[in-house]
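A.B. asks: Could you look at this predicted model? Sequence included:
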Amino acid sequence: MFNLKFWEKKQSHIDEEIDRCLNQMELLSSDSEEYTKMASNLEVLYKARVHSKELGNGINPNTLVTVGGSIASVVLILFWEQAGNVITSRATNFTPKIR
């Protein structure tokens, strides 16, 4: 719904570690013991990155807009009632239903 640029996240710490590990591996020989250890560490980092993306990276901006709109509609109806006006049964249809 909304493609806001400021909601995009920077590179995560896991991605930075993956890049650092790959850069160090380029300097090593592929048959060395240290290269093998770094390859296994890289595998763990990739699994951690997949797991962190499955957990999610925060609140979806669409959710914030939906919640903000719901709160605003309830507040407007309350102010209308407080001003002495009567809420008809049709006005309550504008408030979202709890799911």
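C.D. replies: Thanks, I have it. Quantities reported herein were computed from a predicted structural model and do not represent experimental measurements. Numbers count the residues shown, from 1 in each chain.
A.B. asks: Walk me through the domains of the protein.
C.D. replies: 11-55, 61-94 (automatic domain parsing).
A.B. asks: Compare the mean pLDDT across these and name the weakest.
C.D. replies: Sorting the domains of the chain by mean pLDDT places domain 61-94 lowest, at a mean of 77.
A.B. asks: any idea how far Leu76 lies from Val67?
C.D. replies: 15 Å (Cβ to Cβ, to the nearest Å). Using the backbone N, CA and C atoms, a C-beta is placed for each residue, glycine as well.
A.B. asks: ugh, wrong one, I meant Glu81
C.D. replies: 22 Å.
A.B. asks: what do you get for Asn85?
C.D. replies: Distance from Asn85 to Val67, by Cβ to Cβ: 26 Å.
A.B. asks: and what of His13?
C.D. replies: 29 Å.
A.B. asks: thought Leu22 was touching Asn41?
C.D. replies: No: the criterion here is Cβ atoms under 8 Å, and Leu22 misses it with Asn41 at 10.9 Å.
A.B. asks: Looking at the two, which one has more neighbours?
C.D. replies: Each of Leu22 and Asn41 has its neighbours counted (other Cβ atoms under 10 Å); Asn41 has more, 15 against 12.
A.B. asks: which secondary structure element contains that one?
C.D. replies: In the assignment (DSSP states H and E), Asn41 maps to helix 33-55.
A.B. asks: which is the next helix or strand following that helix?
C.D. replies: Helix 33-55 is succeeded, C-terminally, by helix 61-82 (DSSP H and E).
A.B. asks: Enumerate the positions of that following helix that are buried.
C.D. replies: Judged by neighbour count using 16 or more other Cβ atoms under 10 Å, the buried positions of helix 61-82 are Ile77.
A.B. asks: just the CA coordinates of it, formatted as PDB?
C.D. replies: In PDB, the C-alpha atoms belonging to helix 61-82 read as follows (Å, rounded to 0.1, in the frame of the first residue of the first chain):
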ATOM      1  CA  PRO A  61       3.700   0.800   8.000                       C
ATOM      2  CA  ASN A  62       0.300  -0.400   6.700                       C
ATOM      3  CA  THR A  63      -0.600  -1.500  10.300                       C
ATOM      4  CA  LEU A  64       0.400   1.900  11.700                       C
ATOM      5  CA  VAL A  65      -1.900   3.600   9.200                       C
ATOM      6  CA  THR A  66      -4.800   1.300  10.000                       C
ATOM      7  CA  VAL A  67      -4.400   1.700  13.700                       C
ATOM      8  CA  GLY A  68      -4.100   5.500  13.400                       C
ATOM      9  CA  GLY A  69      -7.200   5.700  11.300                       C
ATOM     10  CA  SER A  70      -9.200   3.600  13.800                       C
ATOM     11  CA  ILE A  71      -8.100   5.700  16.700                       C
ATOM     12  CA  ALA A  72      -8.800   8.900  14.900                       C
ATOM     13  CA  SER A  73     -12.300   7.800  14.000                       C
ATOM     14  CA  VAL A  74     -13.100   6.900  17.600                       C
ATOM     15  CA  VAL A  75     -11.700  10.200  18.900                       C
ATOM     16  CA  LEU A  76     -13.800  12.200  16.400                       C
ATOM     17  CA  ILE A  77     -17.000  10.300  17.400                       C
ATOM     18  CA  LEU A  78     -16.200  10.900  21.100                       C
ATOM     19  CA  PHE A  79     -15.600  14.700  20.500                       C
ATOM     20  CA  TRP A  80     -18.900  14.800  18.600                       C
ATOM     21  CA  GLU A  81     -20.700  13.200  21.500                       C
ATOM     22  CA  GLN A  82     -19.100  15.500  24.000                       C
END
